[in-house]
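Chemist: Just a sequence and a predicted model for now, questions to come.
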Amino acid sequence: MKRIAVRALLGTSLLLCLARLGDARIQAGPATPTPCCDLVAQALKDYSSLKVGGMRSDLDRYFRESGGASIGNQIVYVYKKCPYIHLTVTFASLTNTPSDVIAGLSKLSIDYEAKD
């Protein structure tokens, strides 16, 4: 009886470990990254260089205005290498110069480019 309980406990532990490994593999992504993954990784790297308090000129290195409607001090930008990657930026004030100060950054999102 004791042996059966120990085996059951070991079997359950093994299954839980395998389930966790399976989850880790799913979260890790494909074994062989595709070129799309490389583009997204680069966009995330470029995005991480942007900071609140930085300037529009920092943003303009990697992103451009989407051309869609802007609301107040918020402007939607798209990644220069892929217009489906978006970012909403809030500026402290808008003078439309490279020295405009970034007051807020959204997370990157994916969507079709806006058309007016």
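Modeler: That came through fine. This one's a predicted model, so the numbers in the text were calculated from it and none came from an experiment.

Chemist: got the buried residues for the lengthiest strand in the chain?
Modeler: Among the segments of the chain that qualify as a strand by DSSP state E, the longest is strand 82-91. Counting neighbours by 16 or more other C-beta atoms under 10 Å, one finds that the buried residues in strand 82-91 are I85, H86, L87, T88, V89, T90, F91. The way it works is simple: take the backbone N, C-alpha and C, and place the C-beta from them, glycine included.

Chemist: and the following helix or strand past that strand, which strands flank it?
Modeler: Heading C-terminal from strand 82-91, the first helix or strand you meet, by DSSP states H and E, is strand 102-105. Sheet partners assigned to strand 102-105 using DSSP bridges are listed as strand 82-91 (antiparallel).

Chemist: Run the chain-centre distance for the partner strand.
Modeler: 11 Å (C-alpha atoms, centre = their mean, to the nearest Å).

Chemist: pLDDT of it, averaged?
Modeler: The average pLDDT within strand 82-91 is 96.

Chemist: who touches that strand?
Modeler: 39-40, 43, 47, 56, 59, 63, 66, 73-79, 100-113 (C-beta atoms under 8 Å, 6 or more residues apart in numbering).
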